[in-house]
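Asks: Predicted model and sequence follow; I will ask about them next.
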Amino acid sequence: MLKYAIIFAIISLLAGALGFTGVAAGAAGIAKLLFIVFLVLAVIFVVLAVLGVGAARKALK
């Protein structure tokens, strides 16, 4: 997901440099959205790892 956010950010920069402001704005919006989703998922997985959700399953088996 982070890969796609970076790709859209690069597309946005290139489109902006070439004068395609509508495409640049759209690509920048998509990049922001993907980056926010990435951050939310990363925080969720870090919290789950700290809480030891995987360790609890191993202990129950």
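Replies: Structure received. Numbering: from 1, shown residues only.

Asks: just for the protein, where's the confidence low?
Replies: Applying pLDDT under 70 to the chain picks out residues 53-61.

Asks: could you pull out the strands for it?
Replies: With DSSP state E, there are no strands along the chain.

Asks: hey, where'd the helices end up in it?
Replies: For the chain, the helices defined by DSSP state H occupy 2-18, 21-51, 53-60.

Asks: between the second one and helix 2-18, how many degrees?
Replies: Spelled out, it's helix 21-51. Counting by axes from the mean of the first three to the mean of the last three C-alpha atoms, to 10 degrees, helix 21-51 lies at 160 degrees to helix 2-18.

Asks: Deepest-packed of the helices of the chain, please.
Replies: Of those, the one with the most neighbours on average (mean count of other C-beta atoms under 10 Å) is helix 2-18, at a mean of 15. The way it works is simple: take the backbone N, C-alpha and C, and place the C-beta from them, glycine included.

Asks: mind checking how far it is from the chain centre?
Replies: 14 Å (C-alpha atoms, centre = their mean, to the nearest Å).

Asks: Touching that helix from outside, list them.
Replies: Contact partners of helix 2-18, identified using C-beta atoms under 8 Å, 6 or more residues apart in numbering, comprise 21, 23, 24, 25, 27, 28, 30, 31, 34, 35, 38.

Asks: how does it look with 6 Å?
Replies: Contact with helix 2-18 is made by 23, 24, 27, 28, 30, 31, 34, 35, 38, as judged by C-beta atoms under 6 Å, 6 or more residues apart in numbering.

Asks: so which of those comes closest to residue 1?
Replies: Within the contacts of helix 2-18, proximity to residue 1 (C-beta to C-beta) peaks at residue 38, which comes in at 4.6 Å.
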